[in-house]
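Peer 1: dropping the sequence and predicted coords here.
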Amino acid sequence: MAKAEILLIEDDLATRHAIGLALKAMGHQVTVAVDCEEARASLRKFIFDLLIIDPRVTRQECHAIAHEAKALNAGTRIIIFTDKLTHAAAGDRQPIVDVYLPKPYSFHDLEKSLNRCLAGRTN
């Protein structure tokens, strides 16, 4: 699998650090944002292959960031971590989101989701 430019939007320092290290160990380039404001600033500067969004931001904010990223690059893939089953319920899902990854998840689950999202890329 080709390596990806990833924007990780995560407000918890320990989680951000652990996920960032895991993504880098997989060979990906990682930019981190602690909130939607930082995420939007990064989206204005770079094109990302993948966004990983923590649900501590509101569901509406998650989906707004996803739409903004897709508007800038239709090929951007989106993973949203979910901490509630209702967040990923059928009526709540957005087609713009590629994967809703329920918590708790393992790094293996994250890697499988990444592989699924990034399959077929050629860079």
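Peer 2: Nice, I can see it. What you see is a predicted model, and the numbers here were worked out from it, not measured in a lab. Numbers count the residues shown, from 1 in each chain.
Peer 1: what's the mean pLDDT across stretch 21-34?
Peer 2: What stretch 21-34 shows for mean pLDDT is 95.
Peer 1: quote the end-to-end distance of it.
Peer 2: For stretch 21-34, the first and last residues are 16 Å from each other (Cα to Cα, to the nearest Å).
Peer 1: can you pull the buried residues of that stretch?
Peer 2: In terms of neighbour count (16 or more other Cβ atoms under 10 Å), stretch 21-34 has its buried residues at 23, 26, 28, 30-33. Quick note: C-beta positions are derived from backbone N, CA and C, even for glycine.
Peer 1: with distance to F107 and secondary structure added, can I get those residues in JSON lines?
Peer 2: Converted to JSON lines, those look like this (distance: Cβ to Cβ, whole Å; DSSP: H, G, I helix; E, B strand; the rest coil):
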{"residue": "L23", "distance to F107": "9", "secondary structure": "helix"}
{"residue": "M26", "distance to F107": "9", "secondary structure": "coil"}
{"residue": "H28", "distance to F107": "13", "secondary structure": "coil"}
{"residue": "V30", "distance to F107": "14", "secondary structure": "strand"}
{"residue": "T31", "distance to F107": "19", "secondary structure": "strand"}
{"residue": "V32", "distance to F107": "17", "secondary structure": "strand"}
{"residue": "A33", "distance to F107": "20", "secondary structure": "strand"}
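Peer 1: which residues in this structure form helices?
Peer 2: Using DSSP state H, the helices of the chain run over residues 13-25, 36-45, 59-72, 107-118.
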